[in-house]
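Q: give me the fold of what follows.
(chains A and B)
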Amino acid sequence: MSQTATPDIDIDRSVGDFHYDTSYEFDAGVGLSSKTVDYICDVKGDPQWIRDFRQKALKIFESKPMPTHWATEDLENIIFKNIRYYLSKGQVPKRTWEEVPEDVKRTFERLGIPEAERKFLSGVEAQFDSEAAYSNIKAIVAEQGVIFVGSTEGLHKHPEIFKKWFGKVIPTTDNKFSALNSAVFSGGSFIYIPPGVKVKHPLQAYFRINAQNFGQFERTLIIADEGAEVTYMEGCTAPKFETATLHSAVVELVALKGAKIQYITVQNWSSNVFNLVTKRGLAMEDAEIKWIDCNIGSRLTMKYPGVILKGRKARGEVISIAMANSGQHQDTGAKMYHLADDTTSNIVAKSIGIGSGRSTYRGMVHIPKHLKGCKNNTECDALLINTNSRTDTYPAIQVRGNKNSVQHEASVSKVSADQIFYMQQRGMTEAQAMSLSVNGFVNDLVRQFPLEYSVELKRLIDMEMEGSVG
Amino acid sequence: MEVLEQPITPTTTPATPSLDSFVPPHFQGPSAWTQIQKQAWKQYQELPFPARNDEHFRFTNRAQFQFENLSHLTPVNKEAQKQILLISVENRLKKPVAGRFVFGNDQLLYRQNLSAELSAKGVLWKPFSEAVEQHPELIEKYFMAKVTTLGSEKFARLHQAYLKAGSFLYIPKNVELELPLEAFHWIAEDKEMVFPHTLIIAEANTKVEIIDFFQSIHSEIGGFSTSVCDLHAGPGSQVRYVATQLWGRETRSFQLQSIIVDKDAHSKTLNLNMGGAYSRLESKSQMIGSGSKSDMLSLTISNDKQEFDQRTFQEHIAPNTNSDLLFKNALADDSRTIFSGMIEVDVDAQKTDAYQSNRNLLLSDTADSNSMPGLEINANDVRCTHGSTTSQIDDVEMFYMRSRGVPLPVARKLFTLGFFQDVLEKINDKDLEVELLDLIDQKYSQTKSL
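A: Model prediction:
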């Protein structure tokens, strides 16, 4: 590989880059005030405690400064008063595909949602701007007592479970964007898996931003009762508008004794979406929470999935892949809070910088006093393709206590020139060789994804690599 | 050899209620220097105290920075002088050095000048206050030319404003010093503040080793130290700098190091940290010339409630540069260590090879180790890695030692020394290694819990 600067590449994002004009029945207008929050409460028929919760969150949001003392200054470019906080076509998600309005259906059909459902999913929910447009769960799964509905429906129909855990894993005060989400949240999934139920196939949600200047604030709460197991997948797309769009979700997972939750995200927002997401799981005794997080799209992603290891022998894992192309900043990472003896956590993060893209890993591993036998392993590797790609690593590791062991390794490198040369002399083009190398770099992580996703990921990587060398 | 019977007339200042209300005594010097100090004092006053959310002070217990009733330039009494000279000079007669300074409470107590041969070659080894008068052009060019930016800028300015004691070393082109140079900085009074400075200017193709000792006359006394080491390694030079920090148990210190490495030069620094209540080390290496290399080593043994706050920065500015950092900490009792390191590779610094490693050995259940190894890479053709580990001694290994009849404390000590061994070996100097091991032994003999 020569050291000469390689041309920036333009990626084909055509899969999600389309939108239809849609008329909305409910629109909270532009800007955010306590009136906006009231409007959302009225439309959704929220109970009083949620209304109070939202209003309080709004005050917290307003009082918190932007975290630019450690985060990128790009955050200053979010103009909160220009954003629309609530848009929907109706309140009740449709149960059959035929009921879904034609324009929304067209959108999701282009994304292949009903096909995906027919193929292998146990249930699917599709969110169009603020509200779920379509929600369905296979009868056999429903019979086991699994609840899979939108957050609003969960709040109305299952208040006894919802209220117990809502906002408990991620308090409103956690950060500025979790407060914003708490004030205006709408949509997202509510899932409850009864004790001992193992959901065979993944549950899935699609998030779609269709309107310009719109902020999507979904709120997901997943509770796996004792011994239950579930896999949840989410995908996100948005068309590319002239102005920036904000996506700020809060996702809370609760894995009770012996439960397992696997949460998979493939994020492919268009390259002008600010994706500022707070995700955290609470793992009780012997429980396991695994985040598989793949970030390809967006302008700026700030996302640090975390696990609070609260019960003895709980286990947390974050597997993360990030690709930052020109104009993108993938600021991702993981947090592991060990709060009980013999808890273990594992973080593997790989990032690829292409063109002038910037990828950042930020991590936090916390093992307080008086804990025994906690273990953490962190690996983060970065691969830089072009001369102007950039990568940063900022881990923070805090360890006390007895028989605890923590290790962290990070490396940054470029694709080996020898390898590329070898592949080229075997008849591959430089681009093919590069693509193969990059796929090899992330391969051990990609294999952990469900098959459909790993095929999709490989294709996306090939696409991103197109024209990145030469 | 020249022993100063009387210390240079000190200008004593009365105890003051707090640092801020105290105007530093600008010592008599050329007016240009006085101006620098006045300017620094002004900047010190203007700069804010590190804020709670300052990333550079993350994990730091800021409540420790309460400096009250401090004194400066208190005369060192006869008895203390005798004790200081016994340790820093008489007991060390066996070790040949090229030159040596001993400072007590920032006042020169003893000096061994360079041999006539070295002086004839143009090597300059002077107390800082003399250098300010005699070599203003060198001071102007090199003195704190690139101030550290790892959080303690306020304290760097404070140092500048109060600076009086320190070593000044200038080595002209192609001169190699066979013997090391030594400087001792003593705190001889409780609540005394000192501002030791070390300015090393090594011109092209030179070779030198310099060792700083920071000590207190009793292990129990407190005080406050802000020291700066300003190291300039010219093209093709080889510079080794060792700082041993054995302040008294109540002392708080800021130790700032700036290492600038030019083309094909090789700098090696080692910090041995054992004393003090709160000790902050900020060490920044800048590789400004192609082929330059900086090795940054550190050993820390902490016990009781000691806090060691270490911030490092490896900045690769030129291409084809190399840096290798290894910081090892052994923590006992309720002690804490904070390691925050950064490797920054500039856009043009292709072919950088950088490594950064922080290893922590927890010797108790309540010790607290924090590690933040960081990378910021702006070039693609690089090899940069960092690693951090924190763990305790393996039970099985301990059991084996005990089954062989080795008592627990001895076994623990052997493991700790084994843990340190690779750092000691990296300095590649048997005599120095023995000397440092002796110092470590001293800490062991004074502390039961280790």
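Q: contacting residues around the nearest residue in space to B:Ser391 that is not next to it in sequence?
A: Of all residues not flanking B:Ser391 in the chain, A:Ser405 sits nearest, at 4.1 Å (CB to CB, 6 or more residues apart in numbering or on different chains). C-beta: built from backbone N, CA, C; applies to glycine. Residues in contact with A:Ser405 (CB atoms under 8 Å, 6 or more residues apart in numbering or on different chains) are A:374-376, B:389-392.
Q: does chain A have contacts with stretch B:316-332?
A: No. On the criterion CB under 8 Å from any CB of the partner chain, stretch B:316-332 is out of touch with chain A, staying 9.2 Å away.
Q: and that stretch, which residues are buried?
A: By neighbour count with 16 or more other CB atoms under 10 Å in any protein chain shown, stretch B:316-332 contains the buried residues B:316-332.
Q: tally up the residues packed near B:Asn273, please.
A: Here the count is done by other CB atoms under 10 Å in any protein chain shown, and B:Asn273 has 26 residues near it.
Q: any idea of the pLDDT on the nearest residue to it once chain neighbours are set aside?
A: Residue nearest to B:Asn273 in three dimensions, not counting chain neighbours: B:Thr300, with 4.3 Å by CB to CB, 6+ apart. Listed pLDDT for B:Thr300 reads 97.
Q: output the below-cut-off pLDDT ranges for chain B.
A: B:1-30, B:147-149 (pLDDT under 70).
Q: make it 50
A: B:1, B:4-18, B:21 (pLDDT under 50).
Q: interface residues of it facing chain A?
A: Neighbours of chain A within chain B, by CB under 8 Å from any CB: B:53-55, B:58-59, B:347, B:350, B:360, B:362, B:365-392, B:395.
Q: for ChimeraX, write a command that selects the buried ones of these.
A: The buried residues among the residues of chain B next to chain A can be selected in ChimeraX (16+ other CB under 10 Å) with this line:
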select /B:58,59,350,360,362,365,366,367,368,369,370,371,372,373,374,375,376,377,378,379,380,381,382,384,385,386,387,388,389,390,391,392
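Q: next step: the residues of chain B next to chain A restricted to strands.
A: Using DSSP state E, the members of the residues of chain B next to chain A that fall within strands are B:360, B:362, B:368-377, B:383-392.
Q: measure B:Leu199 to B:His232 for me?
A: Per CB to CB, to the nearest Å, B:Leu199 is found 8 Å from B:His232.
Q: swap that for A:Leu87, please
A: Distance, A:Leu87 to B:His232, using CB to CB: 62 Å.
Q: those strands in the stretch 301-450 of chain A, which residues are they?
A: A:306-309, A:315-324, A:329-338, A:344-353, A:358-367, A:375-384, A:390-400, A:405-414 (DSSP state E, counting those that start in this stretch).
Q: buried deepest among those, which one?
A: strand A:306-309 (a mean of 29; mean count of other CB atoms under 10 Å in any protein chain shown).
Q: restricting to C-alpha, output it in PDB.
A: The C-alpha trace of strand A:306-309 is given here as PDB (Å, rounded to 0.1, in the frame of the first residue of the first chain):
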ATOM      1  CA  GLY A 306     -23.700  -1.100  29.900                       C
ATOM      2  CA  VAL A 307     -24.400  -4.000  32.200                       C
ATOM      3  CA  ILE A 308     -25.000  -3.600  36.000                       C
ATOM      4  CA  LEU A 309     -23.900  -6.900  37.400                       C
END
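Q: partner strands of it, with direction?
A: Strand pairing for strand A:306-309, using DSSP bridges, gives strand A:273-283 (parallel), strand A:329-338 (parallel).
Q: in the stretch 151-300 of chain A, which spans are strands?
A: Counting by DSSP E, counting those that start in this stretch, the stretch 151-300 of chain A has strands at residues A:189-193, A:203-208, A:215-216, A:219-224, A:229-237, A:245-247, A:250-255, A:260-267, A:273-283, A:288-295, A:300-303.
Q: who touches the shortest one?
A: This points to strand A:215-216. A:83-85, A:127, A:129-130, A:184, A:187, A:207, A:209, A:245-249.
Q: what lines up beside that strand in the sheet?
A: Its sheet considered, strand A:215-216 pairs with strand A:245-247 (parallel) by DSSP bridges.
Q: pull the residues that contact the strand it pairs with.
A: A:78, A:83, A:207, A:209, A:212-217, A:236, A:238, A:269-270, A:272-277, A:298.
Q: so what's the residue in the stretch 101-250 of chain A positioned nearest to chain B up against?
A: Per CB to the nearest CB, A:Asn175 is where the stretch 101-250 of chain A lies closest to chain B, at 13.0 Å. Applying CB under 8 Å, 6+ apart, we find A:Asn175 in contact with A:64, A:67, A:278.
Q: wait, isn't the first one in contact with A:Phe177?
A: No. Between A:Lys64 and A:Phe177 there is no contact, the gap being 9.0 Å when judged by CB atoms under 8 Å.
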